[in-house]
Each structure stands twice: as C-alpha cells, then as structure tokens.
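Chemist: Need the 3D shape of this:
(one chain, ligands or ions: 1)
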Amino acid sequence: MSESTTSALTMRDVYKRFGRTEALNGCSFDVQRGSITALVGANGAGKSTLMSIAVGLLEADSGEVTVLGRRPDRRGICPGLAYVAQHKPLYRGFSVADMLLFGEKTNPTWDGEYATRLVSDAQIPLSARVKTLSPGHRARVALAVALGRRPDVLLLDEPLAELDPVARRSVVRTLMEDAAERGTTIVLSSHVLSEVAEIADRLLILGAGRVRLSGALDDLLDDHYLLSGSGDPRSIVGTGSIVESYQRSHLVRGPRPAGVDGWRAEPPNLDDIVLAYLTTTDEEAA
Ligand SMILES: Nc1ncnc2c1ncn2[C@@H]1O[C@H](COP(=O)(O)OP(=O)(O)OP(=O)(O)O)[C@@H](O)[C@H]1O
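Modeler: Numbers count the residues shown, from 1 in each chain. Coordinates of the predicted model:
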C-alpha cells in the first residue's frame, strides 16, 4: 500500500508562527489509518495549532499537510473529517435538538439515530439550551455532533478534560467502539497521558512545536529501559542513547544490556517515557 492509502493524516516539515512564537517548528509525522493516536505535549507545545491546521482553520506558514489524500484549506472541513476543538464550539442559542438538526442539514453522511443516542446516553435533554449546559455536557454534545458525521478521521482536542470519571469512561468506551466497529482513525490530544493511554495504540509526543517521539505504544515500551546505578551510565548503554537522567536513574533508548554489576535495567512504564521526553529539550529523538 502506498503512503497516501495507509496514512490518514500527514505533516511534513510544517512551520507555524504567531508573531515571535514558533507554535510548530518543523513538525513531521504520519497518522496511520485505523489507528488511535494520543497526541501528548505540555501546555503550549502546539497540539491545538497542529489540529487547527489539519482541519483548515489555520494555514501553515510552510510545509506539507495531507488529510485523507487532500490538502486542507479554508473552504471547509474535508469530507470524512470531524473535529472537536478544545473549547467545544456549539451555537449557544441553540437547543441540543437544534444542534443535531444543524448536524443533519450540514452533513450528507449524518447518522441522526447515533448522535441522538449519544446525547441520551449522557442523559442530556434534547430541549436543553446549549448555553445552559455544563462544560462536561457541552463536551458530550460536541462529541455527538462530531461522531454523528460518521467521520473516517476524528480529531479531538482534549476531549476528556471536562468530564467526570463516569462520563470519561462512557466517552472512552464510545470512542473505542467506534474505532473497532468502523475503523475510525482517531487523534486525541491531552497533556496528561494517563487520560488517553487507555484508548490509544500509538503515541505522538510534541515538544516546542516538533515531534519528540512517535510510535506504537508497545514498541516504545520495548525500545526503552530504565537504568539505575552509580557511575557513568554512558559506559553501560552501548549503542543506546540516554534520553533523560534524574539523579541515578536514566531513561535509555536502545537494547537492554545484560546484567552489569552495580546497575539495574528495568522496563519503564509509559509515564516514565512521556515525562522524560517532555522534560528533555534535546532535538527530535523519534
Ligand atoms: N492565535 C494565536 N495567537 C498567538 N499565539 C498563539 C495563537 N495560538 C497559539 N499560540 C501560541 O502558540 C503556541 C502553541 O499553542 P497551542 O495552543 O497550539 O498549544 P497546545 O499544545 O494546544 O497547548 P495547551 O495544552 O495549553 O492547550 C503557544 O505558545 C501559544 O501561546
């Protein structure tokens, strides 16, 4: 299969600047079709900018962006793509029923039964006005409107941030079912990995507008180890590279060494990996 058929979203060397701020600074990655990718980065890492460019709300200064084989532009969101922005944009004066009707009128692929079920699962009355909804309920309605489009690719900017634990579990289940049943490609951003690790099978860590690390979660766990001991770790890691050191503990990418006196090499968890890559400021290590 060619790259364009396996990749739902591609960015190549994308730059975006706001005044003096480099929001994206040579960002390159592929999102494979059917994958669920956790887009993780600190505040201001460029996650929302990346999504806004992918849906055509913002234009990159340079670089190439392809979504479902097309270049996004300002003429409107590309068919097959749905996006829920961080502030969960909905028409404040509309009722929930009006929002679903709006979804129906503006989307040829609209699945009203599904969208209505998602709203009623969240126990949100169709008659409620958007402006009276809690942030968590607004997030659920925004997600229902996005999923009602029956998208091939769904971009969600901090979808779980406003939700209570029960709502969070319900949304996680909905997204996983949608992905399993329809093969929907999902990219969800967060600055807390534990929020999205349950759903995702791939990880993309953004730092200072660049991809710091990307890959399948299982491969990333296999590729790294935690080394602890006293002395210079560089003599132990061989061809591996030290991603980050904290006191006598080092996160290393590379083959795990056989037992060396005075040193312990252990498997890391995902939080160890994410924190190390978010902490270190070295150039792209992906
Ligand atoms: N419209 C804008 N005007 C000026 N600066 C902006 C604008 N949008 C984003 N930025 C800046 O670009 C950088 C990246 O912002 P972005 O919102 O993409 O980060 P983020 O990773 O989504 O952050 P957060 O996790 O806090 O939501 C930040 O320094 C931000 O202040």
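
Chemist: From now on I want contacts and neighbour counts done on CA atoms only, so please keep to that.
Modeler: Will do.

Chemist: residues near the residue of the stretch 151-286 of the chain found nearest the ligand, how many?
Modeler: Residue nearest to the ligand within the stretch 151-286 of the chain: residue 191 (5.7 Å; C-alpha to the nearest ligand atom). Close neighbours of residue 191, defined as other C-alpha atoms under 10 Å, add up to 22.

Chemist: ok, now which ones touch it?
Modeler: 40-43 (C-alpha atoms under 8 Å, 6 or more residues apart in numbering).

Chemist: Where does pLDDT dip in the protein?
Modeler: 1-5, 281-286 (pLDDT under 70).

Chemist: How about the residues of it by the ligand?
Modeler: 18, 21, 23, 41-49, 191 (C-alpha under 6 Å from any ligand atom).

Chemist: still on that earlier bit, now the residue of the stretch 151-286 of the chain closest to the ligand: phi and psi?
Modeler: phi -100, psi 0 (degrees, to the nearest 10).

Chemist: thinking again about what came up before, mind giving me the ChimeraX command for buried ones among the residues of the chain next to the ligand?
Modeler: Only the buried entries of the residues of the chain next to the ligand go into this ChimeraX selection, using 16 or more other C-alpha atoms under 10 Å:
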select :23,41,42,45,46,47,48,49,191
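
Chemist: Confirm residue 143 sits in a helix?
Modeler: Yes: under DSSP: H, G, I helix; E, B strand; the rest coil, residue 143 falls within a helix.

Chemist: what's the burial count for it?
Modeler: Counted with other C-alpha under 10 Å, residue 143 comes out at 25.

Chemist: nearest residue to it other than its sequence neighbours?
Modeler: residue 84 (6.7 Å; C-alpha to C-alpha, 6 or more residues apart in numbering).

Chemist: and if you look at residue 77?
Modeler: residue 55 (5.6 Å).
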